Every structure is written in structure tokens, then in C-alpha cells.
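*Asks:* Sequence plus the predicted model coming up.
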Amino acid sequence: MQGETEPVADEEATIAVCSFCLRPSTEVTTLVAGPGVFICSDCVAICGQVIEHNKPASVPRVAPWELESSLEGVLTNLPRIAAAGAQVDQNLVEWVRRARSLGATWTRVGEALGVTRQSAWERFSGEE
């Protein structure tokens, strides 16, 4: 892979994985956090190259899955998409846990998520 980096010591705990390449934080130089997603410095560099060489008029505005024309290509991507989704779900659990530890009620959590208090409680109360 482009821009390979030296792995960090094995005894470090993995905090998260890059939502693009799925490498853990212990195997990348830098991992930048977004709202429930992460991107490593190597993937940022690749994104920069894509943006730099991209001509706006030539960019198709379609969903990524529409660009894949083979069944094998789609099936190959499914586990990666599922892993990224699982990471986002786990991050949501941690954010709700943090909100609750700071005193948020289930009503406030539900409002923030656009769901009822009951729905928020049912989804996240077992995580406390």
C-alpha cells in the first residue's frame, strides 16, 4: 500500500481503525477522528492525490456501489462496509455512554438522536 508506515508497538491498545483501509490505530502514524469515523494519514494522502488530479467536469456523481459492475467486486466490499458500520455503531454507543455519564437523560439522548426516549433507552440502556 502507498505510504506504508512503521507499526506502533504491539502493547498499545487499538483505539479505532481507519474507516477507509481498516488498519488499526496501532498500525498507522496518525488516525484522525470524525463524527463516528476515522481516517489514517495514508488514506488522507491518497484522498489528496485524487482531489489534486480530479477535474470537476469529469467526476461522475453517482454512489460508489453504482460504479462497481461485477458481483465479485460488490461482494468483496461488503465485509469492509460492514466493519466500518460496526465501528460507527460502537462509537455511537460510546458517545451515548459519555452523554449519560455527564448527566444526560434518556429524553435528551433520544432528542439528540431524533428518536423517542423509549427507543434510545431500548437501544442503549444495556450498554451502561
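*Replies:* Nice, thanks for sending it over.

*Asks:* where in the protein is pLDDT low?
*Replies:* In the predicted model of the chain, residues 1-11, 55-60, 127-128 satisfy pLDDT under 70.

*Asks:* residue closest to the middle of the chain?
*Replies:* Per Cα atoms, centre = their mean, the C-alpha nearest to the average position across the chain is that of Val37, at 2.8 Å.

*Asks:* Give me the nearest residue to it, chain neighbours excluded.
*Replies:* Closest residue to Val37 apart from its sequence neighbours, by Cβ to Cβ, 6 or more residues apart in numbering: Ser19 at 4.3 Å. In this view, the C-beta of every residue, glycine as well, is placed from N, C-alpha and C.

*Asks:* List the contacts of that neighbour.
*Replies:* When the contact criterion is Cβ atoms under 8 Å, 6 or more residues apart in numbering, the partners of Ser19 are 37-39, 84, 87-88.

*Asks:* how many other residues sit next to Arg61?
*Replies:* Residues lying near Arg61 (other Cβ atoms under 10 Å) number 4.

*Asks:* Now do the SS call for it.
*Replies:* In the three-state summary, Arg61 is assigned as coil, counting by DSSP: H, G, I helix; E, B strand; the rest coil.

*Asks:* measure it to Leu67 for me?
*Replies:* For Arg61, the distance to Leu67 under the criterion Cβ to Cβ, to the nearest Å works out to 11 Å.
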